[in-house]
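Trainee: Structure, please.
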Amino acid sequence: MAFEPPQRLVRALDEARRDGSGPESGAAGAVWLGALSRLVESAVAGRGLTVERVHVPGGRGSLVLLVRRADGGPAVLKLAPPQARPADERAALGHWAGRGAVRLLDGPGEEPGADGADAPGGAGGRAAPRGGAVEDDGALLLERLQPDVPVRSLPEAKSMLEAAGTLRRLWVEPPGGHCFETVGERTGRQAEAMRAGAEASGDADVAALVEAALGARAELLAAPVEARLLHGAFRQSKVLAGERLPWLAVGPDPVVGECAFDLARLVRDRVEDAIAAPSGPALARRRVKRLAESLDVDRDRLNGWTLFRTVESAVRALRVGRARDAELLLEFATWL
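Mentor: As a prediction, this is how the structure comes out:
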């Protein structure tokens, strides 16, 4: 199948290569991109699909195709490189079984109830692997949502409310014997890159914020709270309009840990609007307070994880040359 990968995906893979600090670093992304046409052909043929079109701009870490199944039903085929851990996404979606998240169509949870809560592999059970090519090719066949209607399209107050409500549904006990990364493991890897990035920047202000963020992480991990299966990459653009439920989450990078970690990324959503607001620092404090109260999360822990995740993203932006993004994030971090 001949097609041009979306430029957003190509740029993101190149950025990951230049970053060199995470699981998507190195030349693996380029190798995957070179084999993508063959991978698409295999995944489409193996599932008896008909491709309608490539979704553009699509995601930063995957190729998304709008397809039709053999019975004519609409679906989405998502392909991601191995270093993006598509097997983890499959396992998490199978465990949620449509509860608050897009439904996996070629694995456990294909036929859940109206909201997926009673499906095998849902909140009360473990998703069992299916095996075979479907399990191993890095492709996910998903229910089709409305890719051009994210919750972010709503007014800010409404979008925050709907996004938070969607996130709450995902916070369930992880499956027994799971192999998901923990918050401690993920942030430990990130902490090493943050230290190196602060040193490379030669900026005393960046170094001070990194030290504050690392200190907050140490305090939070020293007093752990109940762990849940988390989305891991949740923000408003990861919530799309659906039919069986108004809003459903997509694109998880699942991790097991405390809910405040998951919510922290949402606090800084629309950071450019927050920076432009005349009362930015007060706005940031209100967001922390309102989100913590609405989802029964400890306010101080949410603030701490928001600081860590904001600074981590800022340092990563510096590493790959996105100076403007880093500037906005660092300013937001000073408000926390």
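
Trainee: per-residue confidence at residue 29?
Mentor: As predicted, residue 29 sits at a pLDDT of 79.

Trainee: what secondary structure does it sit in?
Mentor: Following DSSP: H, G, I helix; E, B strand; the rest coil, we place residue 29 in the helix state.

Trainee: Skip the chain neighbours and tell me the closest residue to it.
Mentor: residue 13 (3.8 Å; Cβ to Cβ, 6 or more residues apart in numbering). Every C-beta, even on glycine, is put in place using the N, C-alpha and C of the backbone.

Trainee: In terms of secondary structure, what does the host helix or strand of that neighbour contact?
Mentor: Using DSSP states H and E, residue 13 sits within helix 7-19. Packing partners of helix 7-19 (3 or more Cβ pairs under 8 Å, 6 or more residues apart in numbering; DSSP states H and E): helix 28-34, helix 299-319.

Trainee: Mind putting those helices into TSV with mean neighbour count and distance to residue 202?
Mentor: Shown next, in TSV, are these (neighbours: other Cβ atoms under 10 Å; distance: least, Cβ to Cβ, whole Å):
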stretch	mean neighbour count	distance to residue 202
helix 28-34	16	29
helix 299-319	23	11
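
Trainee: Compare the mean pLDDT across the ones you listed and name the weakest.
Mentor: Among the helices and strands packed on helix 7-19, helix 28-34 has the lowest mean pLDDT, at a mean of 84.

Trainee: hey, which helix or strand in the chain has the poorest pLDDT?
Mentor: Lowest on mean pLDDT, DSSP states H and E among the helices and strands of the chain sits helix 133-136, with a mean of 46.

Trainee: any idea which helix or strand comes after that helix?
Mentor: Using DSSP H and E, the helix or strand that follows helix 133-136 in sequence is strand 139-143.

Trainee: Flag every buried residue along the helix or strand just after that next one.
Mentor: Downstream of strand 139-143, the next assigned helix or strand under DSSP H and E is strand 146-150. Neighbour-count burial for strand 146-150 flags 147, 150 (criterion: 16 or more other Cβ atoms under 10 Å).

Trainee: and strand 146-150, which strands flank it?
Mentor: strand 239-241 (antiparallel) (DSSP bridges).

Trainee: Toward the C-terminus, what is the element adjacent to the partner strand?
Mentor: Strand 239-241 is succeeded, C-terminally, by strand 247-249 (DSSP H and E).

Trainee: For residue 279, the count of nearby residues, please.
Mentor: Residue 279 has 10 neighbouring residues, counting by other Cβ atoms under 10 Å.

Trainee: how near is it to residue 286?
Mentor: 9 Å (Cβ to Cβ, to the nearest Å).

Trainee: In what element of secondary structure is residue 43 found?
Mentor: Residue 43 belongs to helix 36-47 when assigned by DSSP H and E.

Trainee: Contacts made by that helix with the rest, please.
Mentor: 1-3, 5, 32, 49-51, 63, 65, 67, 69, 77, 79, 106, 133-134, 137-139, 141 (Cβ atoms under 8 Å, 6 or more residues apart in numbering).

Trainee: Please report the distance of the nearest residue to residue 246 once chain neighbours are set aside from residue 70.
Mentor: Closest residue to residue 246 apart from its sequence neighbours, by Cβ to Cβ, 6+ apart: residue 162 at 7.3 Å. Going from residue 162 to residue 70 by Cβ to Cβ gives 34 Å.

Trainee: cool, residue 250 as well?
Mentor: Look at residue 250 and residue 70: by Cβ to Cβ, they are 23 Å apart.

Trainee: again, but for residue 161
Mentor: 39 Å.

Trainee: which of the two has more neighbours?
Mentor: Between residue 161 and residue 70, counted using other Cβ under 10 Å, the more crowded position is residue 161 (16 against 9).

Trainee: Find the nearest non-adjacent residue to the more buried one, please.
Mentor: Of all residues not flanking residue 161 in the chain, residue 294 sits nearest, at 7.6 Å (Cβ to Cβ, 6+ apart).
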